[in-house]
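Undergrad: Sequence below, structure please.
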Amino acid sequence: MATGATRQERIVVGVDGTPASAAALRWALREATRSDSQLEAVIAWRPVAALGPPAGHPPASASSSLEQREEDAEVVLEGALRDLPRDGVGVGRRVMRGSPHRVLVEAADGASMLVIGGRSGKLAGKKPWSTGRQVVHDAHCPVVVVPAEGAAA
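TA: Presented below is the predicted three-dimensional model:
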């Protein structure tokens, strides 16, 4: 027997401190507002800085503790959400350990949509196994790739 309650949709957005992820976060918030969905902002952190720190952050030393790396990710996520107008949208936060590809695919399990920022420039999308391409390939929900604002069309 149906209870009459409807389950609210969930939109997951990847955050990493870059202008592209900031554009994705703003787009996802607008979509969550439009569709009356929950928004979940997700950031991945790795035990070892494989590709360097997020934009605008000093490089972590090789001796950085796991706790420090997780705290750094939390700071980036909170910074991205700090000035975001909520407009009545519930915004969840998840700080997850692992590669961005794996974390985003896992976090989006059961979501109605996954939103990620797209890179711009000459090499954007050229790397065959970039995080964005892997996510688009492996996610079990629609994936929206939002270009960084000011990126050439």
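
Undergrad: switch to C-alpha atoms for all contacts and neighbour counts from now on
TA: Noted.

Undergrad: Okay, and the beta partners of residue 94?
TA: Taking DSSP bridges as the rule, residue 94 bridges to residue 42.

Undergrad: pretty sure it contacts residue 70?
TA: No. At 11.1 Å, residue 94 and residue 70 do not qualify as touching, with contact defined as Cα atoms under 8 Å.

Undergrad: just the helices in this structure please.
TA: In order along the chain, the chain carries the following helices (DSSP state H): 19-35, 66-82, 100-107, 131-138.

Undergrad: Where does the prediction get shaky in this structure?
TA: 1-7, 48-64, 120-129, 150-153 (pLDDT under 70).

Undergrad: Go ahead and flag the most central residue of it.
TA: Centroid-nearest residue in the chain: residue 14, 0.5 Å away (criterion: Cα atoms, centre = their mean).

Undergrad: Now do it against residue 145, distance only.
TA: From residue 14 across to residue 145, the span is 10 Å (Cα to Cα, to the nearest Å).
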